[in-house]
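Novice: Okay, sequence plus prediction incoming.
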Amino acid sequence: MKNKKSLIIAGVLIVLLAGGQALLKKSSSSAKNGGNIESSIEDTVEQEAEDLSVLFYGSTCPHCIVVEEWLAENAEIEEVAGLVMKEVYENKDNSTEMTQKAKECGVATENGIGVPFLYDNGTCLMGDQPIIDYLKETYGK
């Protein structure tokens, strides 16, 4: 019985030590690459954010209001899609991001980009009805 307890305690200690060493190696590796655990987490969060669906809209855009009202009536779709809404008329960073996403999809950006503009994992759509139809078909009822 005493040997069994000793074996269990020894096993637990080995597991704890191995886990601690792995954590130290990861921390050391991250530091060697010029970062730390916090920057590694930030990189992961940024990567996940890039994968989200984004609806770019304008604060005074009537077509955007149509999509927003439809989303309010179909909130489960917004949640399932992981949809993030970003205003572009008053937020330069959001406008720049929208332009980058449009270029990624091959959308011509020389003459501006219309809103509402949906970016969803490499798919880009403009206009209220095309966006609503896409969200229904991809995430909805």
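Specialist: Noted; the coordinates are in hand.
Novice: Helices along the chain, start to end?
Specialist: Taking DSSP state H, the helices of the chain run over residues 2-32, 37-50, 62-73, 75-81, 92-104, 128-139.
Novice: Walk me through the domains of this structure.
Specialist: The chain is divided into the following domains under automatic domain parsing: 2-48, 52-139.
Novice: State the pLDDT value of the nearest residue to Met98 once chain neighbours are set aside.
Specialist: Leaving aside its sequence neighbours, Met98 sits nearest to Phe56 (C-beta to C-beta, 6 or more residues apart in numbering; 4.3 Å). Yep, even glycine has a C-beta here, placed from its N, CA and C like the rest. The confidence metric pLDDT takes the value 98 at Phe56.
Novice: Identify the bridge partners of Phe56.
Specialist: Phe56 forms beta bridges with Lys86, Phe117, as assigned by DSSP bridges.
Novice: For it, give me its contacts.
Specialist: Contact analysis of Phe56 by C-beta atoms under 8 Å, 6 or more residues apart in numbering lists 86-88, 94-95, 97-98, 101, 115-119.
Novice: for Gly58, same thing?
Specialist: So Gly58 contacts Cys64, Glu87, Val88, Tyr89, Val115, Pro116 (C-beta under 8 Å, 6+ apart).
Novice: What separation is there between it and Met85?
Specialist: Distance, Gly58 to Met85, by C-beta to C-beta, to the nearest Å: 11 Å.
Novice: Phe117 - how many residues pack around it?
Specialist: 25 (other C-beta atoms under 10 Å).
Novice: returning to that earlier point: could I get the contacts of Gly58 as TSV with pLDDT, distance to Met126 and neighbour count?
Specialist: Shown next, in TSV, are those (pLDDT from 0 to 100; distance: C-beta to C-beta, whole Å; neighbours: other C-beta atoms under 10 Å):
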residue	pLDDT	distance to Met126	neighbour count
Cys64	98	11	23
Glu87	98	16	15
Val88	98	12	23
Tyr89	97	15	15
Val115	98	7	24
Pro116	98	7	24
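Novice: Identify the farthest-apart pair in those.
Specialist: Maximum pairwise distance among the contacts of Gly58 (C-beta to C-beta): 11.9 Å, between Tyr89 and Pro116.
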